[in-house]
Each structure stands twice: as C-alpha cells, then as structure tokens.
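**Q** pasting the sequence and the predicted coordinates here, then a few questions.
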Amino acid sequence: MVKSKDFEIQFSALKLGSHQFNFDIEDSFFTLFDYSEIEKANISTSITLVKKATLLQLDFAMTGHLTLACDRCTEDYQQEINQHFELIVKFSDIVESVESDEILILSSNEHTLSLARYIYEFAHLSLPSKRTHQSLDECNPQMLEHIEQMGLTEDIDETIDPRWENLKQLKTK
C-alpha cells in the first residue's frame, strides 16, 4: 500500500548542491487523494533537487502514460505524457501571501518536504483538455455508429453571425 509518507524528502540532511530522486507512480498513488480524475497510470517521476543556502529548487520530469476515457467513444486509451515542472521552496518565519504556483514558502523549522501533492497536481496538469484516441479509426466503431444514428454528428453551421461580421469590418478599418 502506497503512503503519502513514501514521497517525503528530508532536505535538512542533504548537503548543498544537486540531488536526484525517482518515484514510480502507479494506480495506487491516486487512491491517496479524493476525486482524482486519474485511476490508471504508469508514470516515472524524476526530481532534481538543488539545495542552496536560502532555498530549494525542484525540477520535476514526468514521463509515462495514463489510461483515460476517450471523449468521443468512451473507450479507454493510453495517453502518453512527457512534462516538466518547477517548484521553488523558500524559507521564512514571516507569514507571507505568495500568489505563485511555482513558489512554496516553508517555515524555517521544517525539515521535510512532502512531494505527493505536487506530483498529484502535476500529473493532473499533464492531462490534455481534449481526450481522444489519436485517430478516429481507433475509436469503438459501434459507439461511433450509435452517435451517428442519434444525429449527434451534424456539422455546426459555419455561417457567421452578421453582428460578428460587422465587428470584423471595424477591426480591418
């Protein structure tokens, strides 16, 4: 059973410089979180942690594949991912409001950093907005036929609303 504690790094024991950490993310990892869109995955996460005197710089490299449902035919398909993310950890005893997703401020008293939440979020950020098979040929033909019978594949009328056409003319003047 995977635990959140498996993804903690005790950075206080590390020397200044670069350090490498590798995590294999599988299906059981996503059960640690409620309401995950990802149920099946095989992701290799390589984290390069650069410890400096006043901050930590983390570079996440995530490669692998996720099993997602196709938006077109609802069949599962493999989605390859290859993403890079950065996280900077600063230390301060003063409570600050930082409006950045790339900067985390920890208390000077902290000695460990849990990466589970960040790996979870970065995996979800890797999801494509449109989740479909690479080609229409890979989709379930029975489902495509059913969609066509229901009349849901009609092309949207390509005519432009005259109000928008008038606005386009203003743009060219």
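**A** Perfect, thanks for sending it. All of these numbers come straight from a predicted model, not from anything done at the bench.

**Q** going forward, measure contacts between C-alpha atoms and count neighbours the same way
**A** Fine.

**Q** show me where this structure dips below the pLDDT cut-off.
**A** Applying pLDDT under 70 to the chain flags residues 95-99, 152-160, 173.

**Q** can you pull the contacts of residue 170?
**A** Applying Cα atoms under 8 Å, 6 or more residues apart in numbering to residue 170 gives no contacts.

**Q** make sure it is indeed in a helix.
**A** Yes - judged by DSSP: H, G, I helix; E, B strand; the rest coil, residue 170 forms part of a helix.

**Q** show the backbone phi and psi for the residue nearest the centre of the chain.
**A** Centroid check for the chain by Cα atoms, centre = their mean gives residue 125 as the closest residue, at 2.2 Å. Phi and psi for residue 125, reported as degrees, to the nearest 10, are phi -70, psi -20.

**Q** any idea how far residue 106 is from it?
**A** Residue 125 sits 23 Å away from residue 106, taking Cα to Cα, to the nearest Å as the criterion.

**Q** now do residue 62
**A** Counting by Cα to Cα - residue 62 and residue 106 are separated by 24 Å.

**Q** comparing these two, which shows the higher neighbour count?
**A** Neighbour tally, residue 62 and residue 106, criterion other Cα atoms under 10 Å: the higher count belongs to residue 62, 23 against 18.

**Q** so who does the more buried one touch?
**A** Taking Cα under 8 Å, 6+ apart, one finds 43-46, 81-84, 123 in contact with residue 62.

**Q** again, but for residue 29
**A** By Cα under 8 Å, 6+ apart, the contact list for residue 29 reads 2-3.

**Q** and it, which of the three is it?
**A** helix.

**Q** with the one 5 residues further on instead?
**A** Secondary structure, three-state DSSP: residue 34 is coil.
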